[in-house]
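**Q** whatever this is, show me its structure:
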Amino acid sequence: MDAIASTPVVLLDHPAPHVARLRINRPDKRNAIDQAVRQGFIDHLTVLLADPQVRALVLGGMEGVFSAGGDIPSMVGLSQAQARERMQHIHGLCLLVAHARIPVVSAMEGVTAGAAVGLALLGDRIVIGRRARVLFPFLKLGLAPDWGQLLTLPRRVGLPVARRLLSEGQAVGGEEAVRLGLADAVHDDGEVMAEAVALAAALARLPGEAFARMKQRLHHPSATLDEELEREEADQAVCLTGEDFREGYDAFMNKRSADFIGRPGAAR
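**A** Residues are numbered from 1 along each chain as shown. Take a look at the predicted model:
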């Protein structure tokens, strides 16, 4: 019993250079997300996102399933105060993922439902299996969508499609998910995690400062062109005078691939 109780519900490893991977480890519950899972993510992310050697992140689940979503039994019998506390805990995790300056790739294997869809949508790229199923069960449970999905899902697929997916609650397969824009790439089911890691490894080689600034502006669009040009000026003033641009320019002039990691100080 002690060995079972001490088994981490979120596993961390480093499957490729400069890539960290976090996987939900509750296969007996189809990797349902409860308070312990959320806290496991929060604890790991707090450390990983401050580590300059970590330049990309992969999110997934164990034994070929991303996650069946929120742990429903743990939601029963809450007072309003407890419900708010639960949502605040969720939102702490949401903000960590959404504000990550590094690329975040999610591996949708098997079933991805509810909360897990929201978690994936907070990242940058989604890889899905051909026979995977994406589920939006909120309204069937008498709940409004959460984990930020009323913002992130329409940004991904458009408002009419988001309204249909959330109100009908039908399963979305891998090929359809890519067609709708819900996922970025579809692969054979046994290859999803490896492809997600490979994508993260490729993204880790991008210039970190430029990527982080691009991501920030995409996530928080300017209200006007004047505002966007002002932000663009500030970002480019940093990038044009930085080491990454010097490396990129030298690589361009010498017809070689830029190495934004290997040069001294690149991981900062």
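**Q** contacting residues for the nearest residue to Ala16 once chain neighbours are set aside?
**A** In space, Ala16 comes closest to Ala201 once its chain neighbours are excluded; the distance is 4.0 Å by CB to CB, 6 or more residues apart in numbering. C-beta: built from backbone N, CA, C; applies to glycine. The contact partners of Ala201, by CB atoms under 8 Å, 6 or more residues apart in numbering, come to Ala16, Pro17, His18, Val19, Ala56.
**Q** can you turn the buried part of these into a ChimeraX selection?
**A** Burial among these is assessed by 16 or more other CB atoms under 10 Å; the matching ChimeraX selection reads:
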select :16,18,19,56
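**Q** which of the contacts of Ala201 sit farthest apart?
**A** Pairwise distances across the contacts of Ala201 peak at 9.7 Å for Pro17 and Ala56 (criterion: CB to CB).
**Q** who touches both of the two?
**A** Common neighbours of Pro17 and Ala56 (CB under 8 Å, 6+ apart) are Ala201, Ala204.
**Q** which helix or strand lies directly C-terminal to the longest helix seen in the chain?
**A** When the chain is parsed with DSSP state H, its longest helix is helix 80-98. Counting by DSSP states H and E, the next helix or strand C-terminal to helix 80-98 is strand 104-108.
**Q** and the next helix-or-strand element following that following strand, what's buried?
**A** Note on strand 104-108: by DSSP H and E, the next helix or strand toward the C-terminus is strand 111-113. Burial within strand 111-113, assessed by neighbour count using 16+ other CB under 10 Å, is assigned to Val111, Thr112, Ala113.
**Q** just checking, the first one touches Ala32?
**A** When you say that, I think you mean Val111. No: taking contacts as CB atoms under 8 Å, Val111 lies outside contact range of Ala32: 10.2 Å.
**Q** now for the two: what residues contact both?
**A** Jointly contacting Val111 and Ala32 under the rule CB under 8 Å, 6+ apart are Ser67, Ala68.
**Q** quick one: mean pLDDT for stretch 34-46?
**A** The average pLDDT for stretch 34-46 rounds to 98.
**Q** and it, how far out from the chain's middle?
**A** Centre-to-centre, stretch 34-46 and its host chain are 14 Å apart (CA atoms, centre = their mean, to the nearest Å).
**Q** same thing with stretch 239-256?
**A** 29 Å.
**Q** so which bits of that stretch are buried?
**A** Within stretch 239-256, the residues that count as buried by 16+ other CB under 10 Å are Cys239, Asp244, Phe245, Glu247, Gly248.
**Q** which two of those residues have the greatest separation?
**A** Maximum pairwise distance in the buried residues of stretch 239-256, criterion CB to CB, is 11.7 Å, between Cys239 and Glu247.
**Q** ok, now how distant is the residue nearest to Ala16 from Ala56?
**A** Per CB to CB, to the nearest Å, Ala201 is found 7 Å from Ala56.
**Q** need the overlap of contacts for the two.
**A** His18, Val19.
**Q** who's in contact with stretch 149-163?
**A** Stretch 149-163 is contacted by residues Val117, Gly118, Leu121, Leu122, Phe136, Ala144, Pro145, Leu165, Leu166, Leu180, Gly181, Leu182 when judged by CB under 8 Å, 6+ apart.
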